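In: structure for this input, please:
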Amino acid sequence: MESSYIRLSTLVFSLFFGVLLSVISKKIKIPAIAPLLFGGILLGPAFLGIVNTAHMEDDLRLIISLSLAVILFEGGITLDTSGFIKSKKTIIRLLSVGVLVTWLGSALLVYFIFGFSIELSLLAGSLIIVTGPTVIVPLLQRINVNEKLHHILHWEGILIDPIGVFISVLCFEWFSIQAPLTEHLLQFLLRILIGTGLGFSGGYVLYIFLKRKWLPASQSNIFVLASALALFTLSDYFVHEAGLLTVVIAGFVLGYKKIDKLKNIHQFKSELTEMAIGVLFILLAANLDLNDFTRLGWKGFILLLLVLYVIRPLNIYLSSIGNNLSFREKVFLSWMSPRGVVAGSVASLIAIQMANLGYENAYFLEVFTFSIIGLTILVQGLLSEPVAKLLKVNAPPKRRWLIIGSHFFARKIARYLNEKIKTETILLDTNSESVNIAKSENLLAFEGNALKFSSIPDEIRNSLGNILALTDNRELNQLICEKWGQFIPATNLYRWTPSETDTDTSEGFGIPIWPELGKPSKISYELESKERVIIKSKSSQASSKIVKGTVPLLQFGGSDIILNKFSFSGQGEMLLFQQIAHHLPFYILPDHIFNIESDSYNDIIMFMLNKANQIHPELDVKKTFTELTGDSHRRLTVLGHGVAIAHTHCDTLTEPICMIVRDKRGIDLEAYDAEKSKLIFVVISPMNDPGLHLILLSDIARIASDDSLVQKLLRVELKEIPELLMAN
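Out: Coordinates of the predicted model:
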């Protein structure tokens with residue numbers, strides 16, 4: 001078979017299987033490096049022989065270089081300066097003291113355990129300095145550690161790569177090129193100078209191009225990619241291997257500037273990075289000679305354990321002296337040190353060059369590095385989540401809500417969320433008037449475009465865990481959910497979407513909710529004008545209040561807010577949107593209607609309160625009784641046609657209690673028409689909802705004004721009263 005076809009098929013199959021295994025790993029939520037490593041070995045000459053790198057030495061070097069450029073450029077874009085500021089002391093030490101501890105400590109272990117030369121030992125130690133964003137990032141996404149640990153590990157994983165590569169190249173040149181040490185150190189410093197200078201200047205030029213919109217939107221992604229690779233190549237032209245630092249810094253500059261097109265650029269680079277990692281690791285794994293691994297023997301096993309469980313903890317201990325890390329956080333950082341594609345790539349390149357120079361122990365560099373990679377991926381990839389839980393370093397769930405819209409409806413929802421989850425809800429709107437009204441009501445509101453992250457301060461944006469898009473535009477609501485999907489889990493993105501028979505509203509970003517409702521602005525008008533009302537109800541009682549025109553809005557289940565898939569049981573609470581004229585029927589339960597004969601108003605009130613307390617144990621019976629009976633019944637309103645209302649408020653209630661007593665003989669409560677009161681309503685409302693209290697009193701007043709309805713209520717069976725009220 002021709003060499004050109006072998007090279008072509010190797011590259012194509014590496015691409016296909018690399019992407020396939022990356023997709024599978026994301027689906028089952030494990031770091032992609034693990035299946036890629038085993039997949040590459042399986043596809044390589046040792047087993048299936050589909051991927052054969054024997055004729056690809058020069059091609060492999062080129063693929064590795066370009067792939068690393070793409071990977072580290074994308075990593076630079078994701079760096080968050082706020083995270084660095086919060087933990088800069090630890091991060092700086094990890095990139096200085098930590099690097100030296102890992103490098104020199106590992107080198108000493110190699111030197112004493114295997115007896116290699118000091119030069120080879122230093123070279124071997126330098127290859128495992130890097131921790132690798134290609135493994136760290138997916139692990140952090142899965143285990144969700146607290147913010148401090150997340151930023152430390154992320155910054156270390158990105159910036160330590162070029163540092164580790166520079167040291168590896170320095171050691172290799174010292175090992176293979178006869179020159180004074182000062183000359184090698186000068187080259188090392190020149191790499192840093194060229195990489196930093198070209199990175200900052202190149203990244204800023206890219207920012208200017210994008211900021212001033214000199215590029216068509218459809219071509220900005222490919223231009224940025226081409227520019228990153230050009231910067232990488234230009235840096236390498238001046239000083240070999242300076243390009244890695246250049247692309248990291250150029251990516252960081254773009255990420256720091258937070259331009260509008262950054263999300264699309266990041267998405268494009270993220271996909272290219274996944275492809276590059278897939279191709280690269282399949283090729284690297286296929287290039288391994290499994291027989292070399294057996295040459296490590298028991299000494300190799302001891303070496304691996306000491307590197308991971310002595311050198312790494314020592315690194316963390318020395319790097320965290322005098323900072324604010326807890327003991328548990330230090331233990332977790334000591335545990336987390338997975339190596340990835342950068343370490344493997346540099347080890348393979350240097351091992352190939354060393355072998356070409358005739359060094360018989362060159363195999364050790366590649367075998368040692370890939371053993372570290374394999375062991376850290378297997379052990380830390382599988383156990384990091386339970387270790388994080390055991391050490392209690394997981395980030396607390398982000399419960400804060402961002403509501404897009406600050407109209408009356410949004411403000412009602414925000415006040416309820418503030419009350420229940422004890423975390424301030426954020427309102428965001430382009431309408432300055434409604435934003436100012438929200439602020440006057442002591443709500444936290446911002447004026448700005450929901451499609452621009454800069455509309456909300458970074459510290460607030462980073463605390464968000466849920467999005468509720470409540471604009472009148474369904475397409476905009478979907479775009480908002482898509483935009484915020486890079487920060488918020490898909491299960492926590494909600495959007496108002498109208499019911500449309502010709503459109504599948506479940507497609508796209510965000511969970512569609514409340515399709516039965518009209519536009520939020522219309523709902524706001526109806527609520528403000530008291531034509532409609534939002535009421536609270538215990539979940540176990542809500543089903544009896546849901547009739548035609550009633551829409552469940554949300555449910556509070558003790559700790560979580562639910563906006564769909566409601567449960568009408570348990571101890572939770574629900575918000576219901578009522579679209580009917582009378583609200584009283586929804587608060588009168590069958591167990592709250594009684595026939596009684598008594599000559600004493602006080603006896604009736606005590607009887608009613610004791611009954612109410614059986615269903616509402618939070619009701620303060622003694623205090624409420626005093627308010628309803630003291631001061632000559634100051635909470636008693638006597639209407640005509642034998643109807644009276646005893647009403648008050650209770651600060652321990654979350655929803656109104658409405659009760660009815662029928663007394664055939666009647667009680668003389670000094671009505672203006674001299675009739676005895678035979679139909680007595682008792683209304684006890686929460687303190688925080690005076691509007692609903694007045695609505696309920698108004699409903700009862702309308703009933704009292706209709707003598708025929710009153711007579712019907714006095715005659716019918718108790719169980720028929722709610723239906724009669726509903727019908728009238």
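In: for F17, what are its contacts?
Out: 39, 43, 50-51, 278, 282 (CB atoms under 8 Å, 6 or more residues apart in numbering). Backbone N, C-alpha and C define where each C-beta goes, glycine included.
In: filter these down to just the ones in helices.
Out: Using DSSP state H, the members of the contacts of F17 that fall in helices are 39, 43, 278, 282.
In: in the stretch 501-650 of the chain, which spans are helices?
Out: Taking DSSP state H, counting those that start in this stretch as the criterion, the stretch 501-650 of the chain contains helices spanning 520-528, 539-542, 601-615, 621-633.
In: for L553, which of those helices is the nearest?
Out: helix 520-528 (10.0 Å; CB to CB).
In: packing partners for that closest one?
Out: Taking 3 or more CB pairs under 8 Å, 6 or more residues apart in numbering; DSSP states H and E as the contact definition, the neighbouring helices and strands of helix 520-528 are helix 408-421.
In: can you list the buried residues in the helix it packs on?
Out: Neighbour-count burial for helix 408-421, with 16 or more other CB atoms under 10 Å as criterion, is recorded at 408-418, 420-421.
In: now that helix against helix 520-528, angle please.
Out: Taking axes from the mean of the first three to the mean of the last three CA atoms, to 10 degrees, helix 408-421 and helix 520-528 form an angle of 80 degrees between their directions.
In: show me what the following helix or strand past helix 408-421 pairs with in its sheet, parallel or antiparallel.
Out: Stepping forward along the backbone from helix 408-421, the first helix or strand reached (DSSP states H and E) is strand 426-429. Sheet pairing of strand 426-429 (DSSP bridges) gives strand 400-404 (parallel), strand 444-447 (parallel).
In: chain center to strand 426-429, what's the gap?
Out: Relative to the mean C-alpha coordinate of its chain, strand 426-429 is positioned 19 Å out (CA atoms, centre = their mean, to the nearest Å).
In: which residues touch the most centrally placed residue in the chain?
Out: For the chain, the residue lying nearest the average C-alpha position, counting by CA atoms, centre = their mean, turns out to be I488 (3.9 Å). Under the criterion of CB under 8 Å, 6+ apart, the contact list for I488 reads 464-467.
In: same deal with N52?
Out: With contacts defined as CB under 8 Å, 6+ apart, N52 is in contact with 6, 10, 44-45, 286.
In: so where is the stretch 601-728 of the chain shaky, pLDDT-wise?
Out: Counting by pLDDT under 70, the stretch 601-728 of the chain contains low-confidence residues at 631-634, 726-728.
In: just the strands from it, written as ranges.
Out: For the stretch 601-728 of the chain, strands defined by DSSP state E, counting those that start in this stretch occupy the ranges 636-638, 643-650, 657-667, 677-686.
In: give me the contact list for the shortest one.
Out: Meaning strand 636-638. When contacts are defined by CB under 8 Å, 6+ apart, strand 636-638 is touched by residues 601, 628, 644-647, 669-672, 677, 697.
In: now do the strands in the stretch 451-600 of the chain.
Out: With DSSP E, counting those that start in this stretch as the criterion, the stretch 451-600 of the chain has strands at 464-469, 493-496, 511-513, 533-538, 550-556, 561-562, 573-578, 588-595.
In: the fourth one packs against which elements?
Out: What it means is strand 533-538. Counting by 3+ CB pairs under 8 Å, 6+ apart, strand 533-538 packs on strand 573-578, helix 690-704.
In: packing partners of the longest one?
Out: Using 3+ CB pairs under 8 Å, 6+ apart as the contact test, the elements touching helix 690-704 are strand 533-538, strand 643-650, strand 677-686, helix 707-715.
In: so it versus strand 657-667, what angle?
Out: Using the same axes, to 10 degrees, the interaxial angle of helix 690-704 with respect to strand 657-667 works out to 30 degrees.
In: distance from helix 690-704 to the middle of the chain?
Out: Computed by CA atoms, centre = their mean, the separation of helix 690-704 from the middle of its chain amounts to 44 Å.
In: hmm, back to that, let me have the helices and strands packed on helix 690-704 in a markdown table, extended by distance to E119.
Out: As requested, the helices and strands packed on helix 690-704 are arranged in a markdown table below (distance: least, CB to CB, whole Å):
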| stretch | distance to E119 |
| --- | --- |
| strand 533-538 | 75 |
| strand 643-650 | 82 |
| strand 677-686 | 78 |
| helix 707-715 | 100 |
